[in-house]
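Enquirer: the sequence and its predicted three-dimensional model are supplied below.
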Amino acid sequence: MPAVSLDDLKSPLKKLLRFFQRSRNQWKAKHGVVKKECALLANQVRAVERSRAAWKAKAKEAQRKLAELKQNLLKKSAASFQ
């Protein structure tokens, strides 16, 4: 990108300065909103992952308990037939 000198500019510096300051302030405000939204979404992801892990552990425990109960039931029914 070629360098631009102050002599090449056609608009007054006062107007350019106001334009660039307004542009910078708008960008900073927009970035702040996006940054907050990103943080909220990251927190949401962590909460969902934690919840999913808890439910997964509960489901595995329930499956283990069910298998144990089935095994006990089979043992009792086999013992009653003997």
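Expert: Looks like it came in fine. Numbers count the residues shown, from 1 in each chain.

Enquirer: so how far is Lys58 from Ala47?
Expert: 17 Å (Cβ to Cβ, to the nearest Å). (Glycine included, C-beta is placed from N, CA and C.)

Enquirer: oh, that last question was meant for Arg46, not what I typed.
Expert: In terms of Cβ to Cβ, Arg46 sits 19 Å off from Lys58.

Enquirer: what of Leu40?
Expert: When distance is defined by Cβ to Cβ, Leu40 is 27 Å away from Lys58.

Enquirer: could you do Ala39 as well?
Expert: In terms of Cβ to Cβ, Ala39 sits 29 Å off from Lys58.

Enquirer: could I get the average pLDDT for stretch 31-46?
Expert: Per-residue pLDDT over stretch 31-46 has a mean of 98.

Enquirer: again, but for stretch 49-63
Expert: Mean predicted confidence for stretch 49-63 is 98.

Enquirer: which residues in this structure form helices?
Expert: 13-81 (DSSP state H).

Enquirer: can you give the distance of stretch 35-51 from its chain's centre?
Expert: 4 Å (Cα atoms, centre = their mean, to the nearest Å).
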